[in-house]
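Novice: Sequence first, predicted coordinates after that:
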Amino acid sequence: MEHILTINNLTKRFGPITAVDNLSFTIEKGNVYGILGPNGSGKSTTLGIVLNVVNRTAGEFSWFDGAMDTHEALKRVGAIIERPNFYPYMTAVQNLELVCKIKGVDTDKVDEKLEAVGLLDRKDSKFRTFSLGMKQRLAIASALLNDPEILILDEPTNGLDPQGIHQIRQIIKEIAAQGTTILLASHLLDEVEKVCTHVVILRKGASLYSGRVDGMNASHGFFILESNDMEQLKATLESLPSIDKIKSEGEQLVAYLNQPMDATELNQLMHQKGIVLSHLVKRKESLEEQFLEITNNLN
Ligand code: ADP
Ligand code: MG
């Protein structure tokens, strides 16, 4: 597996504030990564460090397995970390041609990149006539001009209307489908869930979870139970290897599974042990509930 970016024990302090706290993760080619966390959790600072616009306090990062220095490596990276800034009275094409000149890349890719972000039919419109969503899409086209191996986006849908948000997410997925690795920062669980294959969840600069997005949802669910003999119910649940932890909630017990089991199976087991259940419901936490649990529990 080819590593695009490796971050080891990265830390950034701004005076008394630790913006990034001993952060480590690896980006492998072809995946779509999300850095997910509330405002102020260190997402932009992390991106700034690996893009060489913020100095780190401690730790290391290396691009492309250290095969080249950061300056060379960043020529193979496309990034949008600030609001797009183009010349208002120039057209989309003219703006992108100017970017090509500045970056020293051929202008023959301009139409292809405008097509990729759905702006080819507006190529001769002036930038100032563009909606916020179109401006953001032009910025993505601009970041793609050098055919980067990885595209980095900081909160790409912030401030857009629902249609604009949908278009940007669609474009990101299409770019990823063509094989470009993507790293995006977002405070929206929903965005990461819809767009990303992998996620690093940050809270106060530290990683709380790092792995596949579907791995976040690996919970097997839980039962909500009631019986006329709650003591015996609790003791029996405690003896079952498939039950992880048990919580009391009012009159009921909540039993969390550590492996798959359906309600019928549990009901039969309880019946065999002479327990009559007056209430049995199986539930699974939504990703949102799990995310809130991950980010809140350590307060
Ligand atoms: P996010 O992008 O997740 O919203 P940031 O990386 O922007 O978070 O900020 C992380 C923390 O670092 C915040 O507490 C923020 O106030 C602080 N911070 C970011 N940049 C600076 C800076 N240039 N000077 C001082 N503090 C900063
Ligand atoms: Mg930010």
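Specialist: Perfect, thanks for sending it. Ligands and ions are numbered 1, 2, ... in the order given.
Novice: and the residue nearest the centre of the chain, helix, strand or coil?
Specialist: For the chain, the residue nearest the mean C-alpha position is Gly34 (2.1 Å; CA atoms, centre = their mean). Secondary structure for Gly34, judged by DSSP: H, G, I helix; E, B strand; the rest coil, is strand.
Novice: how close does it sit to Leu96?
Specialist: As judged by CB to CB, to the nearest Å, Gly34 and Leu96 stand 27 Å apart. Every residue, glycine included, has its C-beta placed from N, CA and C.
Novice: how close does the closest residue to Glu82 other than its chain neighbours get to Ala176?
Specialist: Counting by CB to CB, 6 or more residues apart in numbering, Asp154 is the residue found nearest to Glu82 once chain neighbours are left out, at 7.8 Å. Distance check for Asp154 against Ala176: by CB to CB, it reads 17 Å.
Novice: At which residues are the helices of the stretch 1-150 of the chain located?
Specialist: Along the stretch 1-150 of the chain, counting by DSSP state H, counting those that start in this stretch, helices occupy 43-50, 70-73, 92-103, 110-116, 132-144.
Novice: Just send those helices back as JSON lines, with distance to ligand 2 and mean neighbour count too.
Specialist: Below are the helices of the stretch 1-150 of the chain laid out as JSON lines (distance: least, CB to the ion, whole Å; neighbours: other CB atoms under 10 Å):
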{"stretch": "helix 43-50", "distance to ligand 2": "3", "mean neighbour count": "23"}
{"stretch": "helix 70-73", "distance to ligand 2": "21", "mean neighbour count": "14"}
{"stretch": "helix 92-103", "distance to ligand 2": "23", "mean neighbour count": "17"}
{"stretch": "helix 110-116", "distance to ligand 2": "25", "mean neighbour count": "18"}
{"stretch": "helix 132-144", "distance to ligand 2": "15", "mean neighbour count": "22"}
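Novice: would you turn those helices into JSON lines with distance to ligand 1?
Specialist: Converted to JSON lines, those look like this (distance: least, CB to the nearest ligand atom, whole Å):
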{"stretch": "helix 43-50", "distance to ligand 1": "3"}
{"stretch": "helix 70-73", "distance to ligand 1": "19"}
{"stretch": "helix 92-103", "distance to ligand 1": "25"}
{"stretch": "helix 110-116", "distance to ligand 1": "27"}
{"stretch": "helix 132-144", "distance to ligand 1": "17"}
